[in-house]
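Enquirer: task: produce atomic coordinates for the following.
(chains A and B)
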Amino acid sequence: MRKLSRSRRGITPVLSSLLLTVIAVAGMSIAITATYVITDGLHDNMGERFIVEDVWFTGDNNDTISLYLRNVGKVSIKVDAVYVNRIDQLATPLELEHGKHDELNVTYDWIADSAYEIKVVTRRGTQVVDYYMSPP
Amino acid sequence: MWTITCRRLKRDRRGISNIIVVALSLVIMLAIVSNVVLWNYEMNQLDWEKMRENVIITNVERETEPQFTFQNSGGLTVHLVSLWVINSTDHKQYDISVFINSAETKTYEDNILLPAGNYTVKVVTERGNTAVYSGS
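Expert: Predicted structure coming up:
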């Protein structure tokens, strides 16, 4: 200890090595976190699967379309948008866990005996689109 | 040859850090790629299984408790998770859990109300396929 306090030679290399180690560890941590975030995002994108079990045209004034969705994928989904005849519609937000099913109501003035193209889009961009006939 | 290379490396350490950086980068890249490829393989397997699934509703009997006969003509065991009874004025969903082995026909009975007149029965499998039956 006395020797160290007398001669300060060699301190700089130790400090620089220490600093380099800290920088290297920080760099690796950032790289590993980025890896985790990238793969997690890709996982979720690839693992999304859902189906529209049934569509029911309803409402007292023919103004509601009920969509019954089921999550058949490996991750939970969030329905972000519903398009009826390619026009974005107001819909109650819906989150579906893996294996669960639920109802999604869309406010839309529909006409009897007509075909509607309904597209459901999730937050990650997965979409299911099909044609459905309204009752006569 | 190996000892000569080791001696040279001991004498001249220039370029070692580059090798370490490349090796670590390769490890990270390998982690990302293998993770994505494995997950993609799993999801492809899921889609492939879904395509191989083939279930049909062969008969619906109006007994005291309606009897639904399902036939699995696909190569995989099917898990039915949802049953819909739909007519022109109403639709109702029932959560069911019926497993049907490959090439097996199974009758399912439950306290399900069949509407008078024309109706449609729809079953949904866990993998996301549907089978439909129209009766009266």
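Enquirer: quick one, domains of chain B?
Expert: B:2-50, B:54-135 (automatic domain parsing).
Enquirer: correct me, but residue A:65 touches residue A:110?
Expert: Yes. At 6.3 Å, residue A:65 counts as touching residue A:110 under the criterion of C-beta atoms under 8 Å. Quick note: C-beta positions are derived from backbone N, CA and C, even for glycine.
Enquirer: grab the nearest non-local neighbour of the closest residue to chain B within chain A.
Expert: Using C-beta to the nearest C-beta, residue A:72 is the residue of chain A that sits closest to chain B, at 3.8 Å. Excluding the flanking residues, the one nearest residue A:72 by C-beta to C-beta, 6 or more residues apart in numbering or on different chains is residue B:128, at 3.8 Å.
Enquirer: of all residues in chain B, which one is closest to chain A?
Expert: Closest point on chain B to chain A, by C-beta to the nearest C-beta, is residue B:128, at 3.8 Å.
Enquirer: what kind of secondary structure is that residue in?
Expert: Classification of residue B:128 using DSSP: H, G, I helix; E, B strand; the rest coil returns coil.
Enquirer: now for residue A:65 and residue A:110: what residues contact both?
Expert: Shared contacts of residue A:65 and residue A:110, defined by C-beta atoms under 8 Å, 6 or more residues apart in numbering or on different chains, are found at A:57, A:116.
Enquirer: more neighbours, the two?
Expert: A side-by-side neighbour count of residue A:65 and residue A:110, using other C-beta atoms under 10 Å in any protein chain shown, places residue A:65 first with 25 against 19.
Enquirer: just list whatever residues bridge to the more buried one.
Expert: residue A:57, residue A:106 (DSSP bridges).
Enquirer: show me the contacts for it.
Expert: By C-beta under 8 Å, 6+ apart, residue A:65 lies in contact with A:55, A:56, A:57, A:58, A:84, A:105, A:106, A:108, A:110, A:116, A:118.
Enquirer: ok, which pair from those residues is furthest apart?
Expert: Distances among the contacts of residue A:65 were taken as C-beta to C-beta; the most separated pair is A:105 and A:116, at 14.8 Å.
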